[in-house]
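1. All I have is the shape, not the residue letters:
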DNA sequence: CCGTTAATGTGTTATTGTGACGCAATGTAA
DNA sequence: TTACATTGCGTCACAATAACACATTAACGG
């Protein structure tokens, strides 16, 4: 796969790549989709290169799709990373040998790569991790327990999380991370997890319902301990409206 | 200049550039620094290429510095633009001929360029426009009267302005756009101009002073019609604190 | 079968923030 | 001196928010 790209490197944007931070929510944890290639001992963000005949946004969708299979999800460019030494010594001679890439062609990989960071919000329940079979492991990992990552991927992940926290105040986020039907406590847990702080149940309910994007369903969650919470869904139409205009007006 | 870069194109990041949207405030107008090269009939944002041995943020500072001469100003990356056709047919044969660039070397320029957008907030009074002398015109232009721009520079400018409007709600902006001493009405005009809407004088005063980043000086503006307004300055220390923590907490 | 337990749903109150506006103070110009 | 535009300060009603009290529900253990 990588070899194919290198061998036809004139078909790809040189010195430029895309890395995706894919967020999901499960078991009251904010998870990140990470991959590990067979030979490596560090994890990395799913990423890819940019065909010269594709918009960068399209290339990002391709990367996301290749890993998750889902379409039409929330995907947003958040920052571009280009420190001089960010991928220095990442592909050394040994690595090139292993990948069966000729030294001459390998030079394409050795230069400084600038990478464009995208973050995605996906419905955890709709994603099959490890759909691979190729020489890599794909796994959802709690954002608080992310192991050492290659290159500057840790920095990229942190920046994505920062951006997500800011955006949480500007737009309704839950829609993309939760299944169609969900409970208010679940939504609150999501907010608490992202913001890493406790919120008051009752005030949260009032605030979130006042936005006017939730539809209370005539249905309760079953098979739960204690009182069964009511189910809600997002009102897509009003949701899109709020998404367009933003939440906080400020001035 | 451009010829030098092309002739030594192996020293620059291929297919990647930087464009800066430089904002200034003067005469109650939000101005943008634009340039026009001699032969062209359209204006463009100041931009440049990225030396392979420079961080992209450093390269952006270089671009800004080359145009304005100021240092240590607010400069922030806001988005990266990479549509396939964004610079199609920008450098045609005629242009290359005019620039005395060989056709072979010119190919470096002909591919799709991805550009990283930065926006800067500078103190208008400290900038000398048209410090050039080279074959280009540098000019401050009211953001409401920006003429047709090359490529997708209009889109880049619009996005910068959108970002600025959002950031205005998240952090204190005025510090970078106004001279050291300023009046509340001036600051209000700045906000009104950026947001393109009228604000109530009295509520604005209350809100802006409550942030706690302004120091009321024992000095009034002189030589003005009507009542002389008081002068203020930013309390750098508190300003930095607020800048770090943000304004609106949200949740 | 019933009381315990740990959740959810609903309501109350005090405080703060915001929008809309009144009015006096100030300095320029006629 | 007066008219006038602009600044500075204050008031009021209302909305938003934080903190908290209490009733309701359903599983579970005895």
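-> Received the coordinates, thanks. Being a predicted model, the structure only gives us computed values, none of them experimental. Residues are numbered from 1 along each chain as shown, chains lettered A, B, ... in the order given.
2. What is the burial count for residue A:138?
-> Neighbour count for residue A:138, taken as other CB atoms under 10 Å in any protein chain shown: 19. Placement of C-beta: from N, CA and C, glycine included.
3. ok, the closest residue to residue A:205 other than its chain neighbours - contacts?
-> Leaving aside its sequence neighbours, residue A:205 sits nearest to residue A:184 (CB to CB, 6 or more residues apart in numbering or on different chains; 5.6 Å). Shown in contact with residue A:184 (CB atoms under 8 Å, 6 or more residues apart in numbering or on different chains): A:204-205, A:208, A:229-230, A:232.
4. Between those residues, which sits nearest residue A:241?
-> Of all the contacts of residue A:184, residue A:241 sits closest to residue A:208, with 16.0 Å by CB to CB.
5. would you say that closest one is within a helix?
-> Yes - under DSSP: H, G, I helix; E, B strand; the rest coil, residue A:208 sits within a helix.
6. Narrow the contacts of residue A:184 to those that are buried.
-> A:204-205, A:208, A:232 (16 or more other CB atoms under 10 Å in any protein chain shown).
7. I figured residue A:229 hits residue A:221, correct?
-> Yes - with contact defined as CB atoms under 8 Å, residue A:229 reaches residue A:221; the gap is 5.2 Å.
8. Give the residues shared as contacts by those two.
-> residue A:183.
9. elements contacting whichever strand in chain A runs longest?
-> Counting by DSSP state E, the longest strand found in chain A is strand A:12-26. Applying 3 or more CB pairs under 8 Å, 6 or more residues apart in numbering or on different chains; DSSP states H and E, one finds that strand A:12-26 contacts strand A:29-37, strand A:47-51, helix A:56-68, strand A:114-121, helix A:153-170, helix A:174-177, strand B:12-26.
10. Including distance to residue B:140, mean neighbour count and mean pLDDT, could the ones you listed go into a markdown table?
-> Shown next, in a markdown table, are the helices and strands packed on strand A:12-26 (distance: least, CB to CB, whole Å; neighbours: other CB atoms under 10 Å in any protein chain shown; pLDDT from 0 to 100):
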| stretch | distance to residue B:140 | mean neighbour count | mean pLDDT |
| --- | --- | --- | --- |
| strand A:29-37 | 44 | 21 | 92 |
| strand A:47-51 | 35 | 21 | 95 |
| helix A:56-68 | 31 | 20 | 91 |
| strand A:114-121 | 31 | 24 | 97 |
| helix A:153-170 | 31 | 18 | 94 |
| helix A:174-177 | 41 | 22 | 89 |
| strand B:12-26 | 6 | 23 | 95 |
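11. Output those as TSV; include the columns distance to residue B:44.
-> Converted to TSV, these look like this (distance: least, CB to CB, whole Å):
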stretch	distance to residue B:44
strand A:29-37	39
strand A:47-51	24
helix A:56-68	21
strand A:114-121	22
helix A:153-170	29
helix A:174-177	37
strand B:12-26	8
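12. for these, which one sits closest to DNA strand C?
-> Of all the helices and strands packed on strand A:12-26, it is helix A:153-170 that lies closest to DNA strand C, at 13.6 Å by CB to the nearest atom of the strand.
13. Quick check: the residue of chain A most remote from its centre vs DNA strand C, distance?
-> In chain A, the residue that sits farthest from the middle, by CA atoms, centre = their mean, is residue A:104; the gap is 34.2 Å. Distance, residue A:104 to DNA strand C, by CB to the nearest atom of the strand, to the nearest Å: 61 Å.
14. Okay then, goodbye and thanks.
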